[in-house]
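S.K.: Make a model of this:
(one chain, ligands or ions: 1)
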Amino acid sequence: MEDDGFVLNFAAAPAAPAATSNVSTVAKSLNVKGGWRAKRQAAKKIIKTKAKELAATAPPPAANKTAPASDAASKKRSSAAAFGKTLDASAKKSKPASGAKSQVVSSLFTSNPELPETTAPPPTEPIPEVPAPAPLPTFTATTFEGCGLEPVLCAHLSAKLKVTRPTPIQRASLPHLLQFAERDTVLQAQTGSGKTLSFLLPIVHRLIRAEEQYQHHNVSPLSRSLGTLAIILAPTRELAKQIETVLNQLLAYRNTLAAQAEKGAETPSTTKHKHWIVPGIVIGGEKKQSEKARLRKGVNILVSTPGRLLDHLKTTQSFEVGNLRWLVLDEADRLLDLGFEETLRDILKILQERKDAATKGRRRIMVKSWPAGRQTILCSATIQQGIQKLAEETLDDPAFIKAETKDKKKGKEMKEVKDKAADVDGETAESAETIADDDAKKKTDEDVEKTEQRHSVPTQLKQSYIVCPAKLRLVTLVGLLRNLAKPGRQSKIILFVSTTDSVDFHFHVLANGYKAPARHAEDEEEEKDGNEDEEEAEGEEVDGEEKKKKKRETPKGGELAPADKSLLQTGAETPTLPGALLFKLHGSLPQSARAAAYEKFCSTKQPSILICTDVAARGLDLPDVTDIIQYDPPADVKDYVHRIGRTARLGREGRAILFLLPSEMEYLVVLRDQALKVEEMKADDVLKELAESKVKEGEGAEGGGGKVGKMRRDQKKKVFEKALMDVQMEFERFVLADLQNVELSQKAFTSHIRAYATHGASERHIFHVKKLHLGHIAKSFALREAPTDLALASLAKKKENEEDRKKKAPPPDAKSKPGAGTYKRKAAMLVSSASEFGDGDVKSMQIKRFKRK
Ligand SMILES: Nc1ncnc2c1ncn2[C@@H]1O[C@H](COP(=O)(O)OP(=O)(O)OP(=O)(O)O)[C@@H](O)[C@H]1O
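M.R.: A predicted model of the protein is given here:
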């Protein structure tokens with residue numbers, strides 16, 4: 001595309017400082033005769049003069065301090081400033097239906113920060129090549145049979161699940177887990193590499209074996225009366241359900257057996273497999289009574305979320321766990337992160353007590369091929385130091401199994417790790433890509449440790465970032481979504497935002513806001529008459545109470561989905577993205593809505609977009625996801641890895657795009673230090689495409705196609721920028737037309753700012769609230785100004801308190817002292833409030849501006 005440099009010439013004339021930019025504020029402070037209008041005129045003059053002075057004296061923006069602006073750049077700046085002026089002059093007032101005071105429509109193209117140098121410093125070390133976790137070509141030692149898996153299961157895997165060859169992590173873990181029943185184990189492998197089967201298969205294998213071994217005994221080891229033998233814990237309900245589905249598929253092996261027997265194939269007799277292995281699930285949001293009934297009957301393998309499991313352990317008398325042999329923590333690092341620490345500790349304590357009681361009461365059965373005690377398996381794509389503490393407490397002499405590549409540079413050292421693993425695990429090493437035993441790990445040098453700490457992602461996953469000023473975020477998002485979810489493109493997009501309120505807002509606004517027929521006749525007239533008086537006096541009543549009511553009840557133009565209805569909606573078609581379906585998922589939705597959104601997004605063949613919090617970041621194997629958009633950067637690099645891991649699974653292609661503000665570009669260094677290779681995507685290109693399509697739509701409507709093509713470059717630029725302003729205005733009008741919309745938008749804004757403050761300490765210098773221009777951020781929530789300074793004040797205060805608390809709190813490792821753990825728990829909960837489990841604590845924020853008098 002030809003580079004007009006047309007939109008993102010962010011460097012507009014330096015903005016007047018906040019204190020002087022607000023006409024009303026300045027006007028109030030003036031002692032001028034002639035009433036309010038005269039005061040305002042005087043205030044405007046003062047601001048203009050001040051801005052000119054500042055423009056003459058202001059130093060170049062911080063990001064550009066090192067490099068003097070080129071002539072071309074300064075030309076761009078002045079043209080942007082000129083254009084900004086044009087738009088500012090034509091800025092029109094629009095009355096919010098809410099009865100709020102009228103607000104100024106500020107241009108999208110003024111006062112944007114200078115775009116910093118986009119080329120981040122090169123990574124400190126070359127980025128290691130990581131292969132796709134696709135199943136490897138056939139080797140005898142790399143088949144499931146070669147790994148030692150029960151033939152019944154091997155046959156079932158290939159006949160019914162169409163899984164014929166193990167992935168690297170399966171090749172590494174299966175022989176180990178099948179050989180060492182007692183050994184606690186940590187599994188780490190890339191996202192989408194088949195870890196679920198890695199821990200499920202050995203458990204099912206040992207249950208099948210036990211039944212064969214004990215077929216002549218009175219009591220089968222699979223008898224439901226013996227209670228639960230294995231528990232699998234997952235941090236989210238969706239992930240727990242997904243694991244249960246895979247488990248159900250595996251346990252249907254008896255059907256395969258029966259089918260083979262019918263065909264006269266030589267298979268182990270079904271008489272050897274009298275019992276079905278009974279799976280079960282207990283998760284939050286479901287009816288506890290029916291769960292209790294299932295547990296009473298007996299569940300062999302139970303999948304659960306931690307809170308609900310603890311609840312049943314405490315309250316369901318008939319829940320028998322005295323015979324428990326396996327405990328799996330999937331996404332183990334997350335289970336720790338989310339403030340589940342205490343819950344996990346309680347669970348482990350109760351399990352131990354029940355085991356001791358069962359042993360004492362001689363209710364614990366002994367089976368040759370099962371662990372005498374309990375085997376605990378921890379599993380994640382991002383297990384790092386964070387896991388050590390939990391690992392030490394939970395695991396006994398754990399083995400670390402990791403499947404990843406040979407880092408070319410560190411090959412020698414890694415080989416040492418592998419060789420050691422080979423010695424330890426004998427036959428296992430034959431099929432293992434890399435097995436890093438814990439002892440071997442200690443022997444590696446610092447470099448290897450560093451490599452180990454890096455997160456590995458599939459190489460076929462294309463990672464990009466898009467630098468976009470806050471004001472332009474919403475239109476850029478719309479442009480990008482329209483581009484990716486084009487009709488005819490088989491696309492499934494996951495859009496991550498930081499809070500539940502933000503999910504609700506974006507879902508509602510994208511579903512209903514664009515081309516929404518919410519323009520009121522009087523608004524349009526006011527816009528047409530180009531009233532010079534841009535702002536209403538503060539506190540001036542715009543609409544009568546009656547008028548407001550009427551507007552809320554019957555928006556002109558009809559068909560506007562009422563906000564409250566839309567909030568419960570889970571899937572919607574939208575004119576913003578023609579032909580695409582929109583879904584939303586977060587932790588505050590009713591369970592039925594969560595399940596419906598999840599299922600529909602999985603099953604639809606239409607281009608679709610799932611707007612969600614980090615509730616969908618981990619473990620979910622959503623089929624055919626093509627693109628991940630991280631509209632809000634994640635709270636942690638680990639989350640970045642998991643979020644992008646929802647695409648490019650098992651060797652498939654996929655793309656991930658990260659939105660960054662110009663002030664956040666240092667995050668690229670963080671990513672590149674983690675060997676995460678991100679490339680730039682130009683926001684300008686995205687915007688240009690959106691503007692073009694918008695202009696074409698307009699031309700089509702007026703029947704004057706092709707006019708823009710013949711325009712001069714500067715004319716075209718203006719037309720395009722106007723088109724983008726129109727898109728933004730559509731959303732702003734939509735929000736202002738309804739009090740509920742305004743509140744939704746304000747809630748989303750405040751929770752977004754709060755979540756922003758919860759970035760980890762190591763990244764806080766990049767994601768610092770003080771760096772945010774709240775007015776510009778408000779624009780990205782289709783608001784014309786930040787709801788109130790109260791948000792910032794409250795936030796700053798909370799942060800201050802938090803820092804004070806931190807100073808006073810005991811160090812996190814002082815866990816033996818009474819009250820220890822609280823500090824960490826609180827911190828974890830604070831982080832969680834930025835994601836699916838928190839609501840951004842907006843309730844405590846006062847939303848003053850639009851409240852009725
Ligand atoms: N050996 C195999 N051959 C073919 N497909 C497989 C194999 N093992 C697993 N799969 C499929 O690969 C996909 C990803 O597997 P899974 O969800 O277990 O990945 P994961 O490593 O747990 O990912 P995450 O880290 O995101 O949780 C699933 O659709 C699963 O059915």
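
S.K.: contacts and neighbour counts: CA atoms only from here.
M.R.: OK.

S.K.: From the ligand, how far out is Gln179?
M.R.: Separation of Gln179 from the ligand (C-alpha to the nearest ligand atom, to the nearest Å) stands at 19 Å.

S.K.: In contact with that residue, which residues?
M.R.: Not one residue lies near Gln179 by C-alpha atoms under 8 Å, 6 or more residues apart in numbering.

S.K.: for it, phi and psi?
M.R.: Geometry field for Gln179 lists phi and psi as phi -90, psi -40, criterion degrees, to the nearest 10.

S.K.: my guess is Val678 contacts Tyr465, does it?
M.R.: Yes. Using C-alpha atoms under 8 Å, Val678 is in contact with Tyr465, at 6.5 Å.

S.K.: Who has more neighbours out of these two?
M.R.: The neighbour count for Val678 versus Tyr465, taken as other C-alpha atoms under 10 Å, is higher for Tyr465 (21 against 18).

S.K.: so that one is in which element?
M.R.: Taking DSSP states H and E as the definition, Tyr465 sits inside strand 461-467.

S.K.: Pull up the residues of the chain that are close to the ligand.
M.R.: Proximity of the chain to the ligand (C-alpha under 6 Å from any ligand atom) is limited to residues 135, 163-167, 190-197, 380-381, 618-621, 645, 650.

S.K.: Count the neighbours of the closest residue to Asn248 other than its chain neighbours for me.
M.R.: Take Asn248 and drop its neighbours on the chain: the residue closest to it by C-alpha to C-alpha, 6 or more residues apart in numbering is Pro279, 6.9 Å away. Pro279 has 20 neighbours, counted by other C-alpha under 10 Å.

S.K.: same check, this time on the one 5 residues further on
M.R.: Using other C-alpha under 10 Å, the number of residues around Gly284 comes to 16.

S.K.: mind listing what Ile383 touches?
M.R.: Shown in contact with Ile383 (C-alpha under 8 Å, 6+ apart): 188, 332-333.

S.K.: A helix includes it, no?
M.R.: No. With DSSP: H, G, I helix; E, B strand; the rest coil as the criterion, Ile383 is assigned coil and is not in a helix.

S.K.: From the ligand, how far off is it?
M.R.: If you measure Ile383 against the ligand using C-alpha to the nearest ligand atom, the figure is 11 Å.

S.K.: Mark which of the residues of the chain next to the ligand are part of helices, please.
M.R.: When helices are assigned by DSSP state H, the members of the residues of the chain next to the ligand inside them are 195-197.

S.K.: Of these, just the buried ones, ChimeraX syntax please.
M.R.: One line in ChimeraX is enough to select the buried members of those, burial here meaning 16 or more other C-alpha atoms under 10 Å:
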select :195,196,197
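
S.K.: What ranges does the stretch 301-450 of the chain have for its helices?
M.R.: Defined through DSSP state H, counting those that start in this stretch, the helices belonging to the stretch 301-450 of the chain, from first to last, are 306-315, 332-335, 341-360, 385-394, 411-425, 427-431, 438-443, 446-453.

S.K.: Check those helices for me: which has the lowest mean pLDDT.
M.R.: For those, mean pLDDT drops lowest on helix 427-431, to a mean of 31.

S.K.: Surely Ala172 is in contact with Lys402?
M.R.: Yes. With contact defined as C-alpha under 8 Å, Ala172 counts as touching Lys402 (7.4 Å).

S.K.: These two: who's more crowded?
M.R.: Counted by other C-alpha under 10 Å, Ala172 and Lys402 do not tie: Ala172 has more neighbours, with 28 against 25.

S.K.: could you check the distance from that one over to the ligand?
M.R.: With distances taken as C-alpha to the nearest ligand atom, Ala172 is found 12 Å from the ligand.

S.K.: Then that residue would be within a helix, right?
M.R.: Yes. Judged by three-state DSSP, Ala172 forms part of a helix.

S.K.: residue boundaries of the helices in the stretch 601-750 of the chain?
M.R.: Counting by DSSP H, counting those that start in this stretch, the helices of the stretch 601-750 of the chain are 637-644, 667-673, 683-702, 713-736, 739-756.

S.K.: got the ones you listed as TSV, with mean pLDDT and distance to Ser369 columns?
M.R.: Formatted as TSV, the entries for the helices of the stretch 601-750 of the chain read as follows, by pLDDT from 0 to 100; distance: least, C-alpha to C-alpha, whole Å:
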stretch	mean pLDDT	distance to Ser369
helix 637-644	94	35
helix 667-673	94	44
helix 683-702	84	59
helix 713-736	91	63
helix 739-756	94	49
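
S.K.: of all the ones you listed, which gets the most neighbours per residue?
M.R.: Looking across the helices of the stretch 601-750 of the chain with neighbours counted as mean count of other C-alpha atoms under 10 Å, the highest average goes to helix 739-756: a mean of 25.

S.K.: Just after it, pick out the following helix or strand.
M.R.: Secondary structure here is assigned by DSSP H and E; on that basis, the next helix or strand after helix 739-756 toward the C-terminus is helix 774-780.

S.K.: Show me what that next one is packed up against.
M.R.: Contacts defined by 3 or more C-alpha pairs under 8 Å, 6 or more residues apart in numbering; DSSP states H and E place helix 774-780 against helix 473-484.

S.K.: Now do the helix it packs on and helix 683-702, the angle between them.
M.R.: For the pair helix 473-484 and helix 683-702, the angle between their directions (axes from the mean of the first three to the mean of the last three C-alpha atoms, to 10 degrees) equals 80 degrees.

S.K.: Name every strand pairing with the helix or strand that helix 473-484 is followed by and say which way it goes.
M.R.: Next in sequence after helix 473-484, counting helices and strands by DSSP H and E, comes strand 492-496. Paired with strand 492-496 in the same sheet, following DSSP bridges, are strand 608-612 (parallel), strand 627-630 (parallel).

S.K.: So which bits of strand 492-496 are buried?
M.R.: By neighbour count, and taking 16+ other C-alpha under 10 Å as the criterion, the buried residues in strand 492-496 are 492-496.

S.K.: If I take it and helix 637-644, what angle do their directions form?
M.R.: Using the same axes, to 10 degrees: strand 492-496 against helix 637-644 is 160 degrees.

S.K.: immediately after strand 492-496, which helix or strand?
M.R.: Scanning forward in sequence from strand 492-496 by DSSP H and E, the next helix or strand is helix 500-512.

S.K.: Strand 608-612 and that next one, what's the angle between them?
M.R.: For helix 500-512 against strand 608-612, the angle between stretch directions is 150 degrees (the same axes, to 10 degrees).

S.K.: what ranges do the strands span in the stretch 201-350 of the chain?
M.R.: Taking DSSP state E, counting those that start in this stretch to define them, one finds strands in the stretch 201-350 of the chain at 230-233, 279-282, 301-304, 326-330.

S.K.: what mean pLDDT would you report for the longest one?
M.R.: Per-residue pLDDT over strand 326-330 has a mean of 96.

S.K.: The second one now?
M.R.: The predicted model assigns strand 279-282 a mean pLDDT of 97.
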